[in-house]
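In: Quick one, structure for this:
(one chain, ligands or ions: 2)
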Amino acid sequence: MKNILVTGGAGFIGSHLVRLLVTTYPEYHIVNMDVLTYAGNLENLKDIEDKANYTFVKCDICDVKKVAKIFEEYTIDSVIHLAAESHVDRSIEDPFSFAQTNVMGTLTLLQSAKAYWNGNFSNKLFYHVSTDEVYGSLGEEGFFTEETAYDPHSPYSASKASSDHFVRAYADTYGLPIVISNCSNNYGSYQFPEKLIPLFINNIVNNKPLPIYGKGENVRDWLFVNDHVRAIDVIFHKGKIGDTYNIGGFNEWKNIDLIKVLIKTVDRLLGRKEGASDALITYVTDRAGHDVRYAIDSSKLKNELGWQPSLQFEEGIEKTVAWYLENQEWMENVTSGDYQNYYTNMYQT
Ligand code: NAD
Ligand code: DAU
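Out: Ligands and ions are numbered 1, 2, ... in the order given. As a prediction, the model looks like this:
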């Protein structure tokens, strides 16, 4: 029996992780703690919300008293921490909220775990989910490894780097059993349409311009979200305490090339002439401090724990586009803010 506190479980990656844990491990109790920001959506978990081994608790990870109470009430023995402000563009507009949630929120959780476990660390784990953006930006060659020095550039990546440092500081100073993973760009179902792929799918469907930052030559390493949460499962169960694992797909795409694949796929699945939506491509002012290239070397995870991506990119993109086209109501709800009503109706608050 394990009582696992998943933070940010109503978000994109968190909801996939909660679903995987709840359905794979009926003997575990999964407590999903999420404050439901604009990015958190209980509709993402409709299919599992009635399961006996699942509980949702609305709570801000920065709320010291409430977080401490949740550890006690649910006798939490493991934490998988995903709650965060996660969008780079928003961090450029409002860095303070990123420092608050990503740094102070992580610190609150660390302190609560330390206090509740009170030196009894046997069978305990604090798993921190982080990003490859902490490593900065690559030139044309090379990969981020677990030894790459931190060099964050955006307020988002600076806040995630800071949270990683606090997690390691709690391991070194207090002996807290921790593990960290740093993952590349995820794509898949239930992603909030502020991120490139769902935003562009939605715009193609609605014949709206596709705003490409700069020349569209920045490179990202894309991983199907289900493969990310499979990796988290493997690291949670088999990862070495104190270690860091990089997660990535060895799947680099220039933004412009990726967008052309997206356009082709959406046009075909909508029955339009393939490439008809190329005309929507619009080059706009570049993102400030835009990292040029990310590429993850995930060979440690493969060699030590046996994980590797399950899907080729073309297959993942096809599934992803099909999901958004079949779930246009989900898209309409998240873009109109209706999902907050769902929560109010469901929990009568
Ligand atoms: P998301 O923005 O979709 O979801 C974040 C979730 O956290 C939301 O449900 C939100 O309500 C919740 N949250 C935000 N602030 C909170 C607070 N103060 N208290 C409680 N809950 C709060 O994010 P995502 O893309 O699913 O990312 C999840 C994690 O994975 C983040 O830590 C992110 O840094 C990391 N990550 C994301 C990617 C990616 O490509 N999306 C890649 C690597 C790592
Ligand atoms: O690398 C992991 C990170 O990936 C995660 O830690 C972040 O939480 C996640 O948001 C993502 O960050 P990016 O900034 O790489 O993702 P985004 O989808 O915002 O942008 C992907 C690329 O597309 C990036 O080079 C910027 C570009 N872009 C994005 C948007 C939203 C555009 O050209 N136009 C756009 O409108």
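
In: now stretch 324-341, how far from the centre of its chain.
Out: Here stretch 324-341 is found 19 Å from its chain centre; the criterion is CA atoms, centre = their mean, to the nearest Å.

In: Check the average confidence over it, would you?
Out: In this model, stretch 324-341 has an average pLDDT of 80.

In: again, but for stretch 42-57
Out: For stretch 42-57, mean pLDDT rounds to 97.

In: Likewise for stretch 134-153?
Out: Per-residue scores along stretch 134-153 average to 97.

In: What are the contacting residues of it?
Out: Residues outside stretch 134-153 that contact it (CB atoms under 8 Å, 6 or more residues apart in numbering) are 132-133, 157-158, 160-161, 164-165, 182, 243-246, 289, 291-297, 300. Glycine gets a C-beta too; all of them are placed from N, C-alpha and C.

In: So which bits of this protein are right by ligand 2?
Out: Residues of the chain lying close to ligand 2 by CB under 6 Å from any ligand atom are 86-88, 131-133, 184-185, 195-196, 199, 211-213, 218, 220, 255, 287, 294.

In: List only those of the contacts of stretch 134-153 flagged as buried.
Out: Neighbour-count burial within the contacts of stretch 134-153 applies to 132-133, 157-158, 160-161, 164, 182, 244-246, 291, 293-297, 300; the criterion is 16 or more other CB atoms under 10 Å.

In: Got a quick ChimeraX command for the buried subset of the residues of the chain next to ligand 2?
Out: In ChimeraX, this line selects whichever of those come out buried by 16+ other CB under 10 Å:
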select :86,87,88,131,132,133,184,185,195,196,199,212,213,218,220,255,294
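
In: From what I see, Val284 and Tyr213 are in contact.
Out: Yes: using CB atoms under 8 Å, Val284 is in contact with Tyr213, at 6.3 Å.

In: Does ligand 1 have contacts with the longest helix seen in the chain?
Out: For the chain, the helix that runs over the most residues, judged by DSSP state H, is helix 155-174. Yes: Helix 155-174 lies within reach of ligand 1 by CB under 6 Å from any ligand atom, at Lys160.

In: Tell me the helix or strand right after that helix.
Out: strand 178-183 (DSSP states H and E).

In: Paired strands for that next one, with orientation please.
Out: Paired strands of strand 178-183, with direction, are strand 125-131 (parallel), strand 244-247 (parallel) (DSSP bridges).

In: can you put these in CSV and add mean pLDDT?
Out: Shown next, in CSV, are these (pLDDT from 0 to 100):
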stretch, mean pLDDT
strand 125-131, 98
strand 244-247, 98
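
In: Of the ones you listed, give the one that comes closest to ligand 1.
Out: strand 125-131 (3.8 Å; CB to the nearest ligand atom).
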